[in-house]
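[1] Only the shape, not the letters, is given here:
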């Protein structure tokens, strides 16, 4: 009877996860399309800006071919992007004939639903029911800058892999956790934060398990292999971290540049997106501090690690709201409190407002400013 109930609940969780991500995306994309049209932009143009161009270029021609002859950095810019997402784009394009934009959109629809399911699974692990799980799923899927979950970006894939890896750690499913960390490491460099969490979890909960240690040792090999591959082609500029510094000014500086940036923002008039970037950094810190002790510590540690990784580094500051998206997992305590405080009707209205506000903030830099995200 237990296993049947468990299977039934699992099916319900997947159904609600798909419904939540589809509903949130539909509302968000309707708003984005309406606002973009008013500015003379198509929805496809909005969803394929900035990094999306690199991912589709890699999928189409690899890291070294079909380069833009006017590109200043040649293949260096492409090598900054990890290979899993463009590989999936290429595979789907070749097997279905879909254009790269639609291939990326489809991949992210699947990844987004998986991400919401992971959020709900973590909340279920904490002992909360379907209503709280649903509110938490909407909170993460509809957050400001969550439009990138629908763009040809890695945010949805990274979110799905990392959050399911955290769930696997909570369940002590060592090989599953290791495999998910491995693939996360082929998606984004931020996977290093997830690997550190895995290390701490293994020390805390799996110290005497050979399976845990084997999974831990194998899990970063994809990320390490790719960095070594890039280093072999970019030794002249300092390897992978050299091209990050050269192309985006990205380097670890213990937060000095972030402090200078925030001081500049809040001590002089600036445009709206710059102010929102500053607020996102401050709110990420507040969210991490507030959620401490109110959720499973590996999940909190991941949010803390991503926040510190972003805040203590230099780089493209206008991309910070997007890079801080994984910290939205620290919204879980607020989502739980919200779900307990309102009945279903008012709760749904409030969640819809959250998605609308998130969509407006998400699309703002893409249609009204020239800032890269």
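    Alright, I've got the coordinates. Keep in mind that what you see is a predicted model, and the values were worked out from it rather than measured. Residues are numbered from 1 along each chain as shown.

[2] Please name every helix or strand in contact with the strand or helix carrying residue 131.
    Using DSSP states H and E, residue 131 sits within helix 130-141. Here helix 130-141 touches helix 2-38, helix 100-125, helix 332-341, helix 344-367, going by 3 or more Cβ pairs under 8 Å, 6 or more residues apart in numbering; DSSP states H and E. Just so you know, the C-beta spots here come from the backbone N, C-alpha and C atoms, and that holds for glycine as well.

[3] average pLDDT across stretch 60-72?
    Stretch 60-72 carries an average pLDDT of 68.

[4] Also stretch 290-305?
    97.

[5] End to end on stretch 146-160, go ahead and measure it.
    13 Å (Cα to Cα, to the nearest Å).

[6] re the thing from before, the inter-axis angle of the next helix or strand after the helix holding residue 131 versus helix 2-38?
    The element immediately downstream of helix 130-141 (helix or strand, assigned by DSSP H and E) is helix 155-170. Orientation of helix 155-170 against helix 2-38 (axes from the mean of the first three to the mean of the last three Cα atoms, to 10 degrees) gives an angle of 160 degrees.

[7] so how far does stretch 183-191 reach from one end to the other?
    Calculated as Cα to Cα, the first-to-last residue distance of stretch 183-191 is 9 Å.

[8] Excluding residues flanking it in the chain, which one is nearest residue 103?
    residue 92 (4.1 Å; Cβ to Cβ, 6 or more residues apart in numbering).

[9] if I look at the one you found, how far off is residue 351?
    31 Å (Cβ to Cβ, to the nearest Å).

[10] Also residue 20?
    9 Å.

[11] what sits in contact with each of those two?
    residue 138 (Cβ atoms under 8 Å, 6 or more residues apart in numbering).

[12] Distance check, residue 62 against residue 75.
    For residue 62, the distance to residue 75 - Cβ to Cβ - is 9 Å.

[13] coming back round to it: quick one: closest of the helices and strands packed on helix 130-141 to residue 262.
    helix 344-367 (18.1 Å; Cβ to Cβ).

[14] what helices or strands is that closest one leaning on?
    So helix 344-367, by 3+ Cβ pairs under 8 Å, 6+ apart, packs with helix 2-38, helix 43-47, helix 130-141, helix 272-291, helix 332-341.

[15] For it, what is the distance to the chain centroid?
    18 Å (Cα atoms, centre = their mean, to the nearest Å).

[16] swap in stretch 170-188?
    With Cα atoms, centre = their mean, you get 15 Å for stretch 170-188.

[17] on that earlier part again, what's the most buried one of the helices and strands packed on helix 130-141?
    Greatest average neighbour count among the helices and strands packed on helix 130-141 goes to helix 100-125 (a mean of 22), per mean count of other Cβ atoms under 10 Å.

[18] so that one versus helix 130-141, what angle?
    Going by the same axes, to 10 degrees, helix 100-125 makes 140 degrees with helix 130-141.

[19] Against which helices or strands is helix 100-125 packed?
    helix 2-38, helix 43-47, helix 51-61, helix 84-96, helix 130-141, helix 155-170, helix 332-341.

[20] gap between the two ends of stretch 131-151?
    28 Å.

[21] how about that stretch: buried residues?
    132-151 (16 or more other Cβ atoms under 10 Å).

[22] Can you tell me the closest non-neighbouring residue to the residue positioned nearest the centre of the chain?
    The centre of the chain sits closest to residue 155, judged by Cα atoms, centre = their mean, with a distance of 3.4 Å. Distances taken as Cβ to Cβ, 6+ apart place residue 148 nearest to residue 155, at 4.3 Å, with adjacent residues excluded.

[23] and residue 160, how far is that from residue 107?
    10 Å.

[24] and the residue nearest to residue 64 when sequence neighbours are not counted, how many neighbours does it have?
    Distances taken as Cβ to Cβ, 6+ apart put residue 75 closest to residue 64, at 5.1 Å, once the chain neighbours are dropped. Using other Cβ atoms under 10 Å, residue 75 has 17 neighbouring residues.

[25] pretty sure residue 75 contacts residue 243?
    No: counting by Cβ atoms under 8 Å, residue 75 stays clear of residue 243, with 9.5 Å between them.
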